[in-house]
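In: Fold the stuff below for me.
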Amino acid sequence: MNVLWLFAHPDQRSLSGALKTEGLRTLEAHGHRHRVSDLYAMNWNPLIGPADYAHDPADRLLIGDASERAYATGNLSPDIASEQDKLTWADTLVIQFPLWWYGMPAILKGWFDRVFVKGFAFGLTDPATGRPQRYGEGRLAGKRALVVVTAGARAGTLGPRGVNGDLNDLLFPLQHGTLWYTGMSVVPPLLIPGADRTTPEAYETAATRLRERLLTLPTTAPLPFRHQNAGDYDDDLLLHPHLAAPHPAPAGG
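Out: Prediction:
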């Protein structure tokens, strides 16, 4: 695998930092190649601005148009272009972060805001049909994504009946609305619970689970998200169900 490890935690001495080190060591030991985007260590700028697109700040900034034009003409800021090059190189994206206020750290959200520009990660159409390529299709199709989350909460509180809500529901905006939307296949996330109460024994358990997930990643079945252009997910039929062909009568009598 060619793995881009996207990491968002401010302290390398944290549980998250130790797991990142263990994950990269596991990849290397099994012959996989990796690149790392450690956002805090990079002092990544999460804020979109005119300079991202060589845009005149005196003019109104229309993000979609400006980013698409800058991408097409090679005028994206160097830090954005560098991250896009890493993602293009990778066939697998590992996204690791602590769960803060039921979501990802702001610096990580800003990475997606700035890197996933129109023309690169979305806004593409099928030349044969003119339909948008999204939800399982598009430039990033064929890549796999794994979300690794540390949380202070206990595992049971992030399950289907947990007070904090099911983890897949909390991660829906990222896993479905960002990764699957741009074409990536998303495997089930890896939760490391009780991060604030980790003992040496608990760490070894977490590290073992991470190693196992990384080694089985190429063959892990992805989450069953639906393709937009599948026969049962047609935009026109969703808006106008009366257009659907009637169901044939069942055979027999």
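In: For the chain, just list every one of the strands.
Out: 2-7, 33-38, 92-98, 144-150, 185-186, 190-192 (DSSP state E).
In: a markdown table please, covering the ones you listed and showing distance to residue 83, mean neighbour count and mean pLDDT.
Out: All C-beta atoms are positioned from the backbone trio N, CA, C, and that covers glycine. Supplementary listing: these in a markdown table, determined by distance: least, CB to CB, whole Å; neighbours: other CB atoms under 10 Å; pLDDT from 0 to 100:
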| stretch | distance to residue 83 | mean neighbour count | mean pLDDT |
| --- | --- | --- | --- |
| strand 2-7 | 9 | 22 | 98 |
| strand 33-38 | 6 | 16 | 98 |
| strand 92-98 | 11 | 23 | 98 |
| strand 144-150 | 15 | 23 | 97 |
| strand 185-186 | 19 | 22 | 96 |
| strand 190-192 | 23 | 22 | 92 |
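In: With distance to residue 216 added, can I get the ones you listed in TSV?
Out: Putting the strands of the chain into TSV (distance: least, CB to CB, whole Å) gives the following:
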stretch	distance to residue 216
strand 2-7	14
strand 33-38	17
strand 92-98	12
strand 144-150	10
strand 185-186	14
strand 190-192	11
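In: Any idea which of those strands gets closest to residue 171?
Out: Ranking the strands of the chain by proximity to residue 171 (CB to CB) places strand 144-150 first, at 6.0 Å.
In: doesn't residue 145 make contact with residue 189?
Out: No. Between residue 189 and residue 145 there is no contact under CB atoms under 8 Å: 9.6 Å.
In: could you say what helices and strands the lengthiest helix in the chain packs with?
Out: Of all segments of type helix in the chain, defined using DSSP state H, the longest is helix 200-216. Applying 3 or more CB pairs under 8 Å, 6 or more residues apart in numbering; DSSP states H and E, we find helix 200-216 packed against helix 15-29, strand 144-150, strand 190-192.
In: what does the second one contact?
Out: The list of residues contacting strand 144-150 from outside it, by CB atoms under 8 Å, 6 or more residues apart in numbering, reads 15-16, 19, 23, 91-99, 167, 171, 174-175, 179, 184-187, 189-192, 195, 210, 213-214, 217-218, 222.
In: Render the CA-only coordinates of it in CSV, please.
Out: Taking C-alpha atoms only, strand 144-150 is exported to CSV below (Å, rounded to 0.1, in the frame of the first residue of the first chain):
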residue,chain,number,x,y,z
ARG,A,144,-9.5,3.4,0.7
ALA,A,145,-9.9,5.3,3.9
LEU,A,146,-9.6,4.3,7.6
VAL,A,147,-10.6,6.6,10.4
VAL,A,148,-8.7,6.0,13.7
VAL,A,149,-10.3,7.8,16.6
THR,A,150,-9.2,8.2,20.3
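In: which ones are touching residue 184?
Out: Residue 184 neighbours (CB under 8 Å, 6+ apart): 93, 140-141, 143-145.
In: change it to 10 Å
Out: Residues in contact with residue 184, defined by CB atoms under 10 Å, 6 or more residues apart in numbering, are 87, 92-93, 121, 136, 138, 140-145, 175, 178, 222.
In: Look up phi and psi at it.
Out: According to degrees, to the nearest 10, the main-chain angles of residue 184 amount to phi -70, psi 150.
In: What segments of the stretch 1-150 of the chain are helices?
Out: Counting by DSSP state H, counting those that start in this stretch, the stretch 1-150 of the chain has helices at residues 15-29, 63-73, 78-89, 106-115.
In: Highest mean neighbour count out of those?
Out: Greatest average neighbour count among those goes to helix 106-115 (a mean of 19), per mean count of other CB atoms under 10 Å.
In: quick one: which of the helices and strands packed on helix 200-216 is nearest residue 54?
Out: That would be, of the helices and strands packed on helix 200-216 and by CB to CB, strand 144-150, which comes in at 29.9 Å.
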